[in-house]
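Peer 1: Let's see this in three dimensions:
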Amino acid sequence: MEIAGKVAVVTGAAVGIGRAIAVRLGAAGASVVVADIDASGGQRTCELIGPSARFAQVDMRDDAAVAELMACQPQILVNNAGGGAVLTPCFPEASVARWTASLEVNLRAPMLSTQLALPGMRAAGGGTVVNVGSTAGVGFGPHVSPEYSAAKAALIRLTTTLTPLHASHGVRVNCVVPDWVATERGLRERDALPPDERGPALIPLETVTDAVVRFVEDESLTGRVLLLEREQEPHLLN
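Peer 2: Next comes the predicted model:
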């Protein structure tokens with residue numbers, strides 16, 4: 001799919017990975033809707049992109065707000081919004097409301113966004129959805145935030161199960177699964193660790209944006225999961 005001239009919605013685009021993806025799509029000629037709850041960060045992302053971008057202040061846990069966002073009928077949807085108390089134990093110590101909030105933003109929000117975007121994509125003859133997962137959702141080892149890991153694992157599975165349902169309409173759904181990424185926050189958190197606990201270099205932001213662009217442009221890829229691990233070449237899991 002050509003990116004130029006398409007409407008692209010990037011959620012969680014005020015900072016970090018989302019901002020980098022939004023800027024990259026804007027540079028490729030897309031009209032980018034920068035969606036985030038953070039107004040100042042979102043406006044800054046729009047400034048970096050230029051006049052082809054607009055900001056939409058959206059709480060991705062608000063169904064009505066998400067429906068209003070998807071009314072722009074994007075041909076490109078990047079479900080990047082997520083996070084939460086990733087480095088703080090939540091389940092089972094925290095309240096139901098707290099760990100449910102993590103499930104809502106990391107799983108329910110991309111499910112709803114995709115559901116609402118699909119009719120417009122079908123009517124337009126095609127479109128593409130790229131989900132941004134996490135290596136926390138891969139494998140069988142422990143993780144400090146099991147609710148976050150479970151949501152990201154489900155997002156990967158959601159990606160692969162949607163493929164046969166929508167491929168006939170020209171709609172492709174893929175998932176990028178990065179390890180720890182070299183965002184400003186990621187670098188601060190790494191640098192706060194003792195040197196012997198920092199591990200390999202973090203994933204460059206460009207590696208993530210390259211993966212998203214690959215999934216948008218390559219029409220042969222659908223239902224695929226691309227794993228981005230530190231000190232490893234990107235590789236498809238399926």
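
Peer 1: Look up how far Phe140 lies from the closest residue to Gly16 other than its chain neighbours.
Peer 2: When the adjacent residues along the chain are set aside, Gly16 lies closest to Thr183, with 3.8 Å between them (C-beta to C-beta, 6 or more residues apart in numbering). C-beta: built from backbone N, CA, C; applies to glycine. Going from Thr183 to Phe140 by C-beta to C-beta, to the nearest Å gives 27 Å.

Peer 1: Of the two, which one has the most company?
Peer 2: Regarding Thr183 and Phe140, a neighbour count based on other C-beta atoms under 10 Å identifies Thr183 as having more, with 19 against 4.

Peer 1: my guess is that one meets Ile21, correct?
Peer 2: No - with the criterion set as C-beta atoms under 8 Å, Thr183 and Ile21 do not qualify as a contacting pair; they are 11.6 Å apart.

Peer 1: Can you list the low-confidence ranges for the protein?
Peer 2: Low-confidence segments of the chain, defined by pLDDT under 70, are located at 84-89, 164-168.

Peer 1: Check which element follows the lengthiest strand in it along the chain.
Peer 2: When secondary structure is assigned using DSSP state E, the longest strand within the chain turns out to be strand 171-178. Moving toward the C-terminus from strand 171-178, the next helix or strand (DSSP states H and E) is helix 184-191.

Peer 1: all strands for the protein, in order.
Peer 2: Listed in chain order (using DSSP E), the strands of the chain are 7-11, 31-36, 53-57, 76-79, 127-132, 171-178, 225-228, 235-236.

Peer 1: Output the ones you listed in TSV, with mean neighbour count and distance to Leu162 appended to each entry.
Peer 2: Rendered in TSV, the data for the strands of the chain read as follows (neighbours: other C-beta atoms under 10 Å; distance: least, C-beta to C-beta, whole Å):
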stretch	mean neighbour count	distance to Leu162
strand 7-11	28	17
strand 31-36	28	20
strand 53-57	18	24
strand 76-79	29	12
strand 127-132	26	8
strand 171-178	26	5
strand 225-228	22	12
strand 235-236	10	17
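
Peer 1: Of all these, which one is nearest Pro110?
Peer 2: Nearest to Pro110 among the strands of the chain is strand 76-79 (3.6 Å), distances taken as C-beta to C-beta.

Peer 1: Grab the most central residue of this structure for me.
Peer 2: Asn80 (2.0 Å; C-alpha atoms, centre = their mean).

Peer 1: Hmm, Val132 and that one touching each other?
Peer 2: Yes - using C-beta under 8 Å as the test, Asn80 is close enough to Val132 to be in contact (4.3 Å).

Peer 1: Which residues are in contact with each of these two?
Peer 2: Common contact partners of Asn80 and Val132 (C-beta atoms under 8 Å, 6 or more residues apart in numbering): 17-18, 21.

Peer 1: Ranking by neighbours, what's the top pick from those residues?
Peer 2: If you count neighbours using other C-beta under 10 Å, the busiest of the shared contacts of Asn80 and Val132 is Ile21, which has 29 neighbours.

Peer 1: okay, the angle between the biggest helix by length in the chain and strand 171-178?
Peer 2: Once the chain is assigned using DSSP state H, the helix that runs over the most residues is helix 146-166. For helix 146-166 and strand 171-178, the angle between their directions (axes from the mean of the first three to the mean of the last three C-alpha atoms, to 10 degrees) works out to 150 degrees.

Peer 1: Counting neighbours, which bits of helix 146-166 end up buried?
Peer 2: By neighbour count, with 16 or more other C-beta atoms under 10 Å as the criterion, the buried positions of helix 146-166 are 146-156, 158-160, 162-163, 166.
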